[in-house]
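> Next comes the sequence, and after it the predicted model I'd like to discuss.
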Amino acid sequence: MEDKQKKPSLGNHLWITYAVSVILLGFVWYFQWTIGLVLTVVLAAVLYYSIYNERKRQHDTENYIATLSHRVKRVGEEALLEMPIGIILYNEDYKIEWANPYMNGFTEDDTLVGKSLNSLVDDFSSMIKENKDEMWLKLEGYHFQITIKKDDRLLYLSDRTAQSEIQTRYNYEKTVIAIIFIDNYEEITQNMDDTLKSQLNSKVTSVLNQWSNDYGIYLKRSSQDRFLGVLTKETLDQLEKAKFDILDEVRELNAEQNIPITLSIGIGLGDSLLPELGEMAQSSLDLALGRGGDQVVIKDDLGKVRFYGGRTNPMEKRTRVRARVISHALKDLVQGSDNVIIMGHKSPDMDSIGAAIGILNIVKANNVEGYIVLDPDDVDTGVHRLVEELKEEETIWQHFIDPEESEALLTSRSLIVVVDTHKPSMVANERLLNKTEYKVVIDHHRRAEEFVDNPTLVYMEPYASSTAELVTELLEYQPHNLKLKMLEATALLAGIIVDTKSFTLRTGSRTFDAASYLRSKGADTVLVQRFMQEDLDIYVKRSKLIERAEKYHGTIAISKGESGEEYGGVLIAQAADTLLTMTSINASFVISERRDGRIGISARSLGDINVQVIMEKMNGGGHLTNAATQIEDTTIEDAEALLKDIIEEYLTGGETE
């Protein structure tokens, strides 16, 4: 159109020029006709030549435009049919109406026309229905970026295989840092002579070097019990696929005292800088050690954590140095505070209340005001008896306060002591944790991902039978100007007895030392038994729950409560304990509805099966032999199906996340 508009404009200019020339020529003819004749001939020749050239230019331009249009049309058709970009037109029923030859190459037939989009990839039509303009798809080994034109029912498929391969290669080659720690090196080697110690070092180093060579890991020993490993994400994937079998291999290297050697490995990965990866690796190692060791913890820059191993019971330490150091540190914190507020977990058990009473005794021994946070309406039968007994002791009961009262007592220098849990969501009053900078955590559970933020002091020993045992050891290194009362000693002993099932589970030499100390302070074992008595109705209800148990994999007992029947946490825990006493049963799981509408699961084992890692898969936790969880928005049947899937994965060597 532009060319056609320019032609008339050009002709007008020429004719104007010629018209002016004719007028001037007329004047020449008037004054000198001979010159006018010559000029007329010249002007005619020029006019003829100009008109000829103008028509020729127009003709050439028209031919060029016609040729160019043909070429553009031909290139467009060839691009549509020959370019390595997939084009698909589909109808309202998501069936292919037309596809270019490039896309037809992805079918064994001659054409895709008439086939459903789902014939290319399962559920392809559902993906297109989503409110997206772009999506990625893998087809016959190719990675496509798909542009969706819903109004035209048109799809453009761009091959991004090379880009995807580069991204995959980049992800595989990301640097990963690992810190490897020999858990019990000091305990094993403290009584060894130099020869035996050298032999042990040689064994461990040889196994780790062989392992690093097999997987292409750079390994450097940084101290007697610590190694630094540098690897890639691809190597880490291989290690995860092998379930970190190095843990089992090292554990088989028994030392001279027949104590198994165990490793803890902390791993950091992601897009962060190397110093940050190192910090993540150290944080992962701290988490692994806090969970009892003999395991691998992997943490990425998004905060996600994965666990492997942790299938053996943590070894009992053979030194009281740490208990003495923690006790002195706690004393300094107590003496520097305005007051101390102690709290255990919600629905407290004997161990939680006993440990809280023990800490209260430490606080009073240092002449500081202390309080225990307790909701009297949130206790079970056995604990209720202890609470009623405490009410009779005015000098003790005056220090117990409701969760609401506790906030009014806080000052800028208040000290919060959390016992028998380390999860903020489980404490008696979570709001307290956000209102002071000074926090102490004392617990015997394996550390979980959820943890109190920025604690001033942490005393976590997964080897211990109970928090009451840990607190009893701390008491021994405190000032003796205030003696432990009989009821206080009894509460601590009750916590130990309940958590060890009367000294049958998770019991070490220091457990008996703590019990002996409490007995010497007047702890009443008869009173403990009275606390542990149960009602006949509860016994019958528990027996019916046990009657519903079924065997799974021959050695695992699983019992389900009746739908619509509510069971307390203590009752299902007792049922799981009872099932564990049955012949050939190595682990037990009891599932029931709770008063709060959630589904509760109590898990127990004799040690061959780590119920803690199984419960962690269901957002719970606990110990290797004693764990539990509560699940929201599910049914007993669905919870049982999920539990069986996780047990199946565990028994076949699945990861313990």
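Now that the structure is in, tell me what you want to look at. Numbers count the residues shown, from 1 in each chain.
> where exactly do the strands run in the stretch 401-550 of the chain?
Taking DSSP state E, counting those that start in this stretch, the strands of the stretch 401-550 of the chain run over residues 415-419, 438-443, 457-460, 550-552.
> ok now the second one, how far from the chain's centre?
Relative to its chain's centre, strand 438-443 lies at 24 Å (CA atoms, centre = their mean, to the nearest Å).
> begin at 565 from here
All set: I'll call the first residue 565, so the last point we hit is now strand 1002-1007.
> State the paired neighbours of it in the sheet, together with their directions.
strand 979-983 (parallel), strand 1021-1024 (parallel) (DSSP bridges).
> Can I get the last one in CSV? Just the C-alpha atoms.
The C-alpha coordinates for strand 1021-1024 follow below in CSV (Å, rounded to 0.1, in the frame of the first residue of the first chain):
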residue,chain,number,x,y,z
LEU,A,1021,22.0,-23.6,77.8
VAL,A,1022,21.1,-27.1,76.5
TYR,A,1023,21.5,-30.3,78.3
MET,A,1024,20.2,-33.2,76.1
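> Quick check: mean pLDDT of that strand?
Strand 1021-1024 shows a mean pLDDT of 87.
> do stretch 713-720 as well
For stretch 713-720, mean pLDDT is 83.
> List the buried residues of that stretch.
The neighbour-count check on stretch 713-720 (16 or more other CB atoms under 10 Å) flags Leu719 as buried. All C-beta atoms are positioned from the backbone trio N, CA, C, and that covers glycine.
> What lies in contact with it?
The contact list for stretch 713-720, computed with CB atoms under 8 Å, 6 or more residues apart in numbering, reads 649-656, 661, 692, 710-712.
> taking those residues one by one, which sit in helices?
Residues of the contacts of stretch 713-720 located in helices (DSSP state H): Ile692.
> Does Met1146 belong to a helix, a strand or coil?
The three-state assignment at Met1146 reads coil, by DSSP: H, G, I helix; E, B strand; the rest coil.
> Phi first, then psi, for it.
The phi/psi pair for Met1146 (degrees, to the nearest 10) reads phi -80, psi 150.
> Would you check that my belief about it contacting Ala1121 is correct?
Yes. At 6.7 Å, Met1146 and Ala1121 qualify as touching, with contact defined as CB atoms under 8 Å.
> With neighbour numbers in mind, choose between the two.
Neighbours per residue (other CB atoms under 10 Å) separate Met1146 from Ala1121, with Ala1121 holding more: 23 against 12.
> Wasn't that one part of a helix?
No. Assignment of Ala1121 by three-state DSSP gives strand, placing it outside any helix.
> Next, the contact list for it, please.
Ala1121 makes contact with 1113-1115, 1143-1144, 1146, 1149, 1151-1153 under the criterion CB under 8 Å, 6+ apart.
> among those residues, which two are most distant?
Pairwise distances across these (CB to CB) peak at 15.0 Å, for the pair Glu1114 and Leu1144.
> The two - which one has more neighbours?
The neighbour count for Glu1114 versus Leu1144, taken as other CB under 10 Å, is higher for Leu1144 (21 against 10).
> Mind pulling up the pLDDT for Ile744?
95.
> That one is in contact with Thr826, isn't it?
No. Ile744 is not in contact with Thr826 according to CB under 8 Å; the separation is 11.3 Å.
> avg pLDDT for the helix or strand encompassing Ile615?
Per DSSP states H and E: Ile615 is located in helix 597-646. What helix 597-646 shows for mean pLDDT is 70.
> Kindly write the ChimeraX command that selects the buried subset of the contacts of Ala1121.
This is the ChimeraX syntax for the buried subset of those, where burial follows 16+ other CB under 10 Å:
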select :1113,1143,1144,1149,1151,1152,1153
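> quick one: contacts for Thr739?
Counting by CB under 8 Å, 6+ apart, Thr739 makes contact with 794-796, 838, 841.
> Now do the helices in the stretch 715-864 of the chain.
Using DSSP state H, counting those that start in this stretch, the helices of the stretch 715-864 of the chain run over residues 725-736, 749-753, 758-779, 797-805, 810-815, 838-854.
> looking at the ones you listed, which has the lowest confidence?
Lowest mean pLDDT of the helices of the stretch 715-864 of the chain: helix 749-753, a mean of 78.
> neighbours around the closest residue to Asn1190 other than its chain neighbours, how many?
Excluding its sequence neighbours, the residue lying closest to Asn1190 (CB to CB, 6 or more residues apart in numbering) is Arg1168, at 6.0 Å. When counting by other CB under 10 Å, one arrives at 29 neighbours for Arg1168.
> Could you identify the helix or strand that succeeds the helix or strand hosting Arg1168?
Element membership for Arg1168, per DSSP H and E: strand 1163-1169. Per DSSP H and E, the first helix or strand lying C-terminal to strand 1163-1169 is helix 1175-1180.
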